[in-house]
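1. next come a sequence and a model predicted from it.
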Amino acid sequence: MSETLLLLLQLCNSSLPLGAYSYSEGLETLVEKKKIIDSKTLNKWLVNELKYGSIRIELAIIIRAYNCYLQKDLQGLLYWNNWFSASRETSELRQQSWQMGKSLLRLIRSFESENKFLSQVINSFNDPCNYVIAFSIITANWEIKREYLLLGYLHNWVNNLINVGVKLIPLGQTEGQKLLLNINQEIIKNIDVILSLKDEELSSCSWGLCLASIEHEQLYTRLFRS
Amino acid sequence: MFEGSWQGKINLVYEYQQGKTKLKSAYHQAPFKIQRAFYPEGESICHSVILHTAGGIVGGDILSQNIHLFPHSQVFITTPAATKIYRNTEKKAFQDIMIKLENDTYLEYLPQETIVFNKSQYQQKLKLELGNNATWLGWEIIRFGRSARRETFTEGQWLNYTEIWYKNKPLWIDRQSLQGESQLFSEINGLAGKPVVGSLILVSTHTHNNFIKEIRELINHKFHHLILGVTTLQNGLLCRYHGDSVSEAKTCLIAIWQLLRREYGLNSTFKPRVWQQ
């Protein structure tokens, strides 16, 4: 375990050059419009996203793509990549996923240049590769356990968005860290639910995120990328 | 089948011959009915009105629509009134809509609003297959709860899946859910207390300008006070409205629809009679 833990920590570290810190996933709009004004309202937003939002679909697709990689099911992997691209509701969310996917694939290539199967998988993408798919490829390749990679992915996601809140609301660093600590229980609670989702159950309630993201594409001044 | 519930079917096939889109065959089973095809804007585009004669959808209903456009047909479909989904805490109602658009076809599928009563359980799936050079322009306008009675949607379940495929590849997958118990009716992640959502979707395998700039100008000019936005999809665009009023949703989505019609060289001042109440 110790080595796979280190690999997971590296993968979920915000210093990994993927540019995750430059996206706010709708939060910049919500702060600008005073819908999110403090640590309490940010916490509520994040917990609702975890329970009902589009992040559930991200995780469910990671698990599916991870299984495909382990079973050497290349068609399946491409299927879920296309599925995920089609499910991104806004141009901004799609571009974010593709840009981070591309950056992560580039890293994976340099990490694992000798790995023939991995190279074959990466070369088989004719369409842009989503971040969730790249993430499942490398975690499957490193044989990181499903529960752990989901925890890592969610930790990274929450951490990034709390940092957005720290910058924009703004919140104190300590307040941000306390928020992160408090959300851990919610993360753990949701992992099992997400692992048990059937394909037919992949759904979310995402009007809030979608409209905030659409509006962000048009926001007059922005700190975060669109 | 449950007592008092329906297994309604409607199958519509359109074909194009000598400058005219014809309704080649129409099969329907209650509570669905189809009005005779008509041509208010010339013979190339066939208009159909699908009726639901039972007044609304109840738990246990299993409804299906199959719509098939043969090459070169152009079709406009709407409904004469709002669709109501009644409360039923025991049984779920289902509707499956399968649409096949062959090469060089154009379909506008613009039903009137759906009113989702509190404590109703409903699942809709719309699956669309596109051929080459085919265009889909559809919308959905949904009100959660009968707001005039101050009803909100705090119990029940609503699932709405839309999938658009081209050559075994999905172009657009939208899987929305609203669980009444989740409090998302009032939370900002969901409806933030505003019960009406509207989505207009254009997906086309025809190479085209995506008209985003024109739509944004229209929104900024006429609807800047509303929660209304547009973004690009992989082969098209998505407009979403969110607010308190079905008529407001209709006003802005109709304006966008007319703009798109103008861009497609169709009659942009046309408005079906059944919409004018």
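-> On my side now, so go ahead. Residues are numbered from 1 along each chain as shown, chains lettered A, B, ... in the order given.

2. show me what from chain A comes close to chain B.
-> Residues of chain A lying close to chain B by CB under 8 Å from any CB of the partner chain are A:30, A:35-36, A:44-45, A:48-49, A:51-53, A:57, A:82-83, A:85-87, A:89-92, A:94, A:202-211, A:213-215, A:217-218. Any C-beta I mention is one placed from the backbone N, CA and C, and that applies to glycine too.

3. ok, of those, which come out buried?
-> By neighbour count, with 16 or more other CB atoms under 10 Å in any protein chain shown, the residues of chain A next to chain B hold A:30, A:35-36, A:45, A:48-49, A:51-53, A:57, A:82-83, A:85-87, A:89-92, A:94, A:202-211, A:213-215, A:217 as buried.

4. state the pLDDT value of B:M1.
-> What the model reports as pLDDT for B:M1 is 44.

5. among the residues of chain A next to chain B, which lie within helices?
-> Taking DSSP state H as the definition of helices, these contribute A:30, A:44-45, A:48-49, A:51-52, A:57, A:82-83, A:85-87, A:91-92, A:94, A:207-211, A:213-215, A:217.

6. tell me, how many neighbours does residue 142 end up with?
-> Using chain A here. The local packing of A:W142 (other CB atoms under 10 Å in any protein chain shown) involves 17 other residues.

7. wrong one, chain B
-> 21.

8. can you check the one 10 residues further on too?
-> Applying other CB under 10 Å, we find 17 residues neighbouring B:T152.

9. can you check B:S182 too?
-> Around B:S182 there are 18 other residues, counting by other CB under 10 Å.

10. give me the element the residue nearest to the spatial centre of chain A is part of.
-> Centroid-nearest residue in chain A, with CA atoms, centre = their mean: A:W157, separated by 5.6 Å. Applying DSSP states H and E as the criterion places A:W157 in helix A:146-168.

11. that helix packs against which elements?
-> helix A:2-11, helix A:27-32, helix A:39-52, helix A:55-70, helix A:131-141, helix A:173-195 (3 or more CB pairs under 8 Å, 6 or more residues apart in numbering or on different chains; DSSP states H and E).

12. which bits of the stretch 151-277 of chain B sit near chain A?
-> B:159, B:161, B:163-164, B:169-179, B:182, B:184, B:187-192, B:197, B:216, B:227, B:229-232, B:234, B:238, B:240, B:242.

13. 6 Å - rerun?
-> Within the stretch 151-277 of chain B, the residues that sit near chain A (CB under 6 Å from any CB of the partner chain) are B:169-173, B:175, B:177-178, B:182, B:184, B:187-190, B:229, B:231-232, B:240, B:242.

14. B:Y86 versus the residue lying closest to A:G26 once chain neighbours are set aside, what's the distance?
-> Of all residues not flanking A:G26 in the chain, A:A212 sits nearest, at 3.2 Å (CB to CB, 6 or more residues apart in numbering or on different chains). To B:Y86, A:A212 is 33 Å away according to CB to CB, to the nearest Å.

15. over to B:L253?
-> Here B:L253 is placed at a distance of 25 Å from B:Y86 (CB to CB).

16. looking at these two, which is more packed in?
-> When B:L253 and B:Y86 are compared for neighbours, B:L253 comes out ahead with 21 against 17, by other CB under 10 Å.

17. hey, what's the residue nearest to the more buried one when sequence neighbours are not counted bridged with?
-> Leaving out its chain neighbours, the residue that sits closest to B:L253 by CB to CB, 6+ apart is B:L200, at 5.0 Å. With DSSP bridges as the criterion, B:L200 is bridged to B:W139, B:C239.

18. how close does B:L200 sit to B:I10?
-> Counting by CB to CB - B:L200 and B:I10 are separated by 23 Å.

19. looking at those two, which one has more neighbours?
-> Using other CB under 10 Å as the criterion, B:L200 and B:I10 rank with B:L200 on top: 25 against 22.

20. low-confidence regions, chain A specifically.
-> Scanning chain A for pLDDT under 70 picks out A:1.

21. now do the longest helix seen in chain B: everything it contacts.
-> Secondary structure of chain B per DSSP H: the longest helix is helix B:246-263. Applying CB atoms under 6 Å, 6 or more residues apart in numbering or on different chains, the external contacts of helix B:246-263 come out as B:113, B:139, B:141, B:143, B:196, B:198, B:200, B:211, B:215, B:218, B:223, B:228, B:239, B:241, B:268.

22. as TSV, the helices and strands packed on helix A:146-168 with distance to A:K102 would be great.
-> Formatted as TSV, the helices and strands packed on helix A:146-168 follow (distance: least, CB to CB, whole Å):
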stretch	distance to A:K102
helix A:2-11	16
helix A:27-32	23
helix A:39-52	25
helix A:55-70	16
helix A:131-141	8
helix A:173-195	25
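
23. name the SS class of the residue sitting furthest away from the middle of chain A, please.
-> Using CA atoms, centre = their mean, the residue of chain A lying farthest from its centre is A:E114. It sits 27.2 Å away. Recorded secondary structure, A:E114: coil (DSSP: H, G, I helix; E, B strand; the rest coil).

24. fine, thanks again, bye for now.
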